[in-house]
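Engineer: Next input, structure requested:
(2 chains)
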Amino acid sequence: MKKELRLMKGNEALAEAAIRAGCDGYFGYPITPQSEVLEYLSKEAYKRTGMIVLQAESEVASINMVYGAAGTGKKVMTSSSSPGISLMQEGISYIACAELPCLIVNVMRGGPGLGTIQPSQGDYFQAVKGGGHGDYKLIVLAPSTVQEMVDFVPLSFDLAFKYKNPVMILADGALGQMMEKVELFDPIPRKNNTEEWATVGKPKNRERNIITSLHIEPDKMEEINHKLQKKYKEIEENEVRYEMINCDDADIIIVAFGLVARISSKAAELAREKGLKVGVFRPISLYPFPYEKLNRLAENVKGMLVTEMNAGQMVEDVKLAVNGKTDVHFYGRMGGIVPSPEEILAQLEEKFSGELV
Amino acid sequence: MIAEESVCVEENLVYDRPKTLIDTTMHYCPGCGHGVAHRLIAEVIDELGIQDKTIGVAPVGCSVFAYNYLDIDMSEAAHGRATAVATGIKRMLPDKYVFSYQGDGDLAAIGTGETIHTCNRGENILIIFINNGIYGMTGGQMAPTTLVGMKSTTSPEGRIPELMGNPLKITELIAQLPGVYYCTRVAVNTPNNVRKAKKAILKGFQYQDHKKGLCFVEIVSNCPSNWKMTPVEANKWLEENMLPFYPLGDLKVPEIEGGK
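Structural biologist: Next up, the predicted model:
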C-alpha cells in the first residue's frame, strides 16, 4: 500500500505521528528546540481527532497532568528538552512507580544548566539510569532519522501499554529541527476501551482503583520494588533493539546512538574507502541496552570507538557490555557541537593506528 | 417499654454511615476535621448518586490516605500537584466529577502555581482546601496560612511577619480569577458550620455539570495535636482566632445564585 510521503521537520513529524497514533492527550510547555511539537499539535490535533492539547504553566505541571491523564488509561504524552525534562523528573518517578503508560519525548540540548539550544546527547545518564528518585527504569528509544521520530511514536505507545511503563523517545536538537522525507503511517483510531486498572469512576462490579506510589510500609514498598524489577527484567529480555551497519567483517566498530550513529556511518564509509574495515553498531533501545549483542561482537573485533555528543556516558555501558574483551575508546563533543565524519575518521586513525596497519 | 428491635429499623434511621465512606478506622488524630470533611464528601457523593462517576485526587500531607476511606476511584498526587493531576483526569474524562482534596501546605505553598493556574484556566473541577494553619503530617511546622503570632515548631515564638512573611489568604486571591465559578469558605468546628460546609461541597460537585469553571471550597479546620489543644479547645480557638482572619461565607457565587 502506498503510504503518504512528506518533507517534514523532526518535531513536526513526531507531532503528526502522535495524532495518527491516536494519542488522546498532550500536556507540555514550550522549550527550544522542541517547541514545534506543541505548536503543531495546537494547530492540528483537536480538530482532526479530538485529541486534547494543553499548554501547562510549567513542565512540573505538565508531567503531573500526564500522570493524571495516564491514570484514566488514555494514550497521553508530553515533550520537552533537557532543562524541562529535569523539572519533570519527580513526576516521572511517580509515574514509573504507579506503573502508568505514557510517552515522554526529550529533544536534548547542550547543558548542564540552562546550557545552549544546540543539539546534545548529554541526558543519556538521566534517561537510562533513572533521573528521578528511587529504583525505576524508563524504556528509552533513540531515533536517528526523522522517519524514526515518526515510527517510534506508535511503538512507544504500544510498549508503554504492554508494560504499563513510561517510554521516552530520546532525540537530540538536530533531529528535532532537521527536515527529511518521511513516510507516514495510516491513522489509528483513538482508544475506546477502558483499562481495568484506570481511574474512570468506580462501577458497582469492581473494587475502587487507586493510583499511587505511596506504600508507607517498608515490606509493601519492597514488594512493589521487586515487582518493578521483575518487569524490567522482562523488558530486558524482550525489547532490546539495535541496528548494525557493516559489522560482519569489521575490525573496528563504532558504537553510537541517534544522530551521531548516522555521522559515524559516514565516517565508517570514509574509513572503508581507505581500506579500514569499520562497522557501526547503533543501540536503538538505550534501555534495555544491547549488552549481550555487544559482548558477542567484542569477540571478533580489534576495538571499539564510542562516539557521543557528551562527555562519555554511553561508553560506560559499552564497557560493561564488552567486559574487557576488547579495547573501548571514546570520542565526544559537548556544549551543542555536532562532530563531523572527518573528525570521527581522524579519531579512528589516531586511536587504532596500531590495529589498522 | 418498647423493644429495641422495633426501634432500630430502617425507616427510623436518621443517621448512618454513608456507603461511600469505607468502614475502617481512620488514621486521623482525635478531633481532627479531616474525618468530618471526608464524611461530608461521602454523603454528598451518595446523595448525588455519583459514586461511579467521581474521581478524587489525594494530596501529600495528613490526608494522603484519603483513598483509604472513600470508596471511589482515586489518584495520589505529588506534593502540591493535585490540581495538575486533576486537570489531566478531567481533560480526559470531561463528564466525570473530579475533585482534589488538599491541605494548606500542599495547595498554598508548594502547589501555589498549580492552584492559581488551574483556577485561572477554569478547569471544571472542585478543589476542597483544608486550612488548619499548620503542617500536620510533618509535625506542626509553619504553613503559609499560619496566623501572625501563632506558634509552630518553626515559629516557636509565634509567626513574626517581618521574619516569616504574612499569612496567605489564598481563597481571596483565587476568587478574583475569571476561571473560578464558585468560591466559598466554610468551617467544620460546629454542627451548624458542618451543615453549611456540606452544602458548599454539594454545590461544588453539582456545579461541575454547568461546565462554567472551577469550584473552590475552603474548609477552615483544626489540628488539635499540633495546636497542642484538646479537640474542644481547638474548635474554640478556631472560632476565636482563625475565623476573624479567615471569615466564613461565599466569595464568589454563580449568576444563578444572584452573583455577578
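Engineer: From now on I want contacts and neighbour counts done on CA atoms only, so please keep to that.
Structural biologist: Noted.
Engineer: pLDDT score for A:Val357?
Structural biologist: The score at A:Val357 is 48. That number is its pLDDT.
Engineer: measure the residue in chain A sticking out farthest from the centre to A:Leu259 for me?
Structural biologist: Distance from the C-alpha centroid of chain A peaks at A:Lys204, with 40.0 Å (C-alpha atoms, centre = their mean). Distance, A:Lys204 to A:Leu259, by C-alpha to C-alpha, to the nearest Å: 52 Å.
Engineer: Now for B:Lys157, how many residues are close by?
Structural biologist: Not Lys; residue B:157 is Glu. 11 (other C-alpha atoms under 10 Å in any protein chain shown).
Engineer: check contacts around the spatially closest residue to it that is not a sequence neighbour.
Structural biologist: Among residues not flanking B:Glu157 along the chain, B:Lys151 sits closest, at 6.0 Å (C-alpha to C-alpha, 6 or more residues apart in numbering or on different chains). Contacts for B:Lys151 were tallied using C-alpha atoms under 8 Å, 6 or more residues apart in numbering or on different chains; they are B:142, B:157-159.
Engineer: Can I get these in JSON lines including pLDDT and secondary structure?
Structural biologist: Converted to JSON lines, the contacts of B:Lys151 look like this (pLDDT from 0 to 100; DSSP: H, G, I helix; E, B strand; the rest coil):
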{"residue": "B:Met142", "pLDDT": "97", "secondary structure": "strand"}
{"residue": "B:Glu157", "pLDDT": "97", "secondary structure": "coil"}
{"residue": "B:Gly158", "pLDDT": "97", "secondary structure": "coil"}
{"residue": "B:Arg159", "pLDDT": "98", "secondary structure": "strand"}
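Engineer: Give me the buried subset of those residues.
Structural biologist: Among the contacts of B:Lys151, those classed as buried by 16 or more other C-alpha atoms under 10 Å in any protein chain shown are B:142, B:158-159.
Engineer: Adding distance to chain A, write those out as CSV.
Structural biologist: What follows is the buried ones among the contacts of B:Lys151, written out as CSV (distance: C-alpha to the nearest C-alpha, whole Å):
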residue, distance to chain A
B:Met142, 24
B:Gly158, 32
B:Arg159, 30
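Engineer: Including distance to A:Ser80, could the contacts of B:Lys151 go into TSV?
Structural biologist: Putting the contacts of B:Lys151 into TSV (distance: C-alpha to C-alpha, whole Å) gives the following:
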residue	distance to A:Ser80
B:Met142	35
B:Glu157	45
B:Gly158	43
B:Arg159	40
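Engineer: what's the most distant pair in those?
Structural biologist: Maximum pairwise distance in the contacts of B:Lys151, criterion C-alpha to C-alpha, is 11.4 Å, between B:Met142 and B:Glu157.
Engineer: And whichever strand or helix holds A:His226, what does it pack against?
Structural biologist: Element membership for A:His226, per DSSP states H and E: helix A:218-238. Using 3 or more C-alpha pairs under 8 Å, 6 or more residues apart in numbering or on different chains; DSSP states H and E, no helix or strand is in contact with helix A:218-238.
Engineer: List the buried residues of it.
Structural biologist: Result for helix A:218-238 [16+ other C-alpha under 10 Å]: buried residues A:224-225, A:228, A:231-232, A:235-236.
Engineer: And for stretch B:60-74?
Structural biologist: B:60-74.
Engineer: Now do it: distance to the chain's middle.
Structural biologist: Centroid separation for stretch B:60-74 versus its chain: 12 Å, with C-alpha atoms, centre = their mean, to the nearest Å.
Engineer: Kindly report the same for stretch B:29-47.
Structural biologist: Chain-centre distance of stretch B:29-47: 9 Å, with C-alpha atoms, centre = their mean.
Engineer: who touches it?
Structural biologist: So stretch B:29-47 is in contact with B:18-21, B:26, B:28, B:51, B:54, B:63, B:66, B:69-70, B:130, B:188-189, B:194, B:197-198, B:201-202, B:221-225, B:230-232, going by C-alpha under 8 Å, 6+ apart.
Engineer: can you do 7 Å?
Structural biologist: B:18-21, B:28, B:51, B:70, B:188, B:198, B:201-202, B:221-225, B:231 (C-alpha atoms under 7 Å, 6 or more residues apart in numbering or on different chains).
Engineer: Over to stretch A:303-312?
Structural biologist: Contacts for stretch A:303-312 (C-alpha under 7 Å, 6+ apart): A:120-122, A:252-256, A:260, A:315, A:326-334, A:338.
Engineer: again with stretch B:120-127
Structural biologist: If you take C-alpha under 7 Å, 6+ apart as the criterion, stretch B:120-127 is touched by B:87, B:98-101, B:177-180, B:204-205, B:208, B:211-217.
Engineer: Which among those count as buried?
Structural biologist: If you count burial by 16+ other C-alpha under 10 Å, the buried members of these come out as B:87, B:98-101, B:177, B:179-180, B:204-205, B:208, B:212-217.
Engineer: Which elements pack onto the lowest-mean-pLDDT helix or strand in chain B?
Structural biologist: Within chain B, confidence by mean pLDDT, DSSP states H and E is lowest for helix B:4-7 among all helices and strands, at a mean of 78. Of the remaining helices and strands, none touches helix B:4-7 by 3 or more C-alpha pairs under 7 Å, 6 or more residues apart in numbering or on different chains; DSSP states H and E.
Engineer: all helices of the stretch 101-250 of chain B, in order?
Structural biologist: With DSSP state H, counting those that start in this stretch, the ranges of helices along the stretch 101-250 of chain B come out as B:104-105, B:112-121, B:161-164, B:170-175, B:191-206, B:224-227, B:231-237, B:243-245.
Engineer: Give the other helices and strands that the longest one contacts.
Structural biologist: Helices and strands in packing contact with helix B:191-206 are listed as helix B:33-48, strand B:180-187, strand B:214-220; criterion 3+ C-alpha pairs under 7 Å, 6+ apart.
Engineer: residues contacting A:Pro143?
Structural biologist: A:149, A:171, A:258, A:284.
Engineer: which residues touch the residue of the stretch 151-260 of chain B found nearest chain A?
Structural biologist: Relative to chain A, the nearest point of the stretch 151-260 of chain B is B:Phe205 (14.3 Å; C-alpha to the nearest C-alpha). Contacts for B:Phe205 were tallied using C-alpha under 7 Å, 6+ apart; they are B:97, B:126.
Engineer: circling back: select from the contacts of A:Pro143 the one having the most neighbours.
Structural biologist: Neighbour max across the contacts of A:Pro143 (other C-alpha under 10 Å) = A:Ala171, 32 neighbours.
Engineer: How about it: what's its closest non-neighbour residue?
Structural biologist: Excluding its sequence neighbours, the residue lying closest to A:Ala171 (C-alpha to C-alpha, 6+ apart) is A:Val107, at 4.8 Å.
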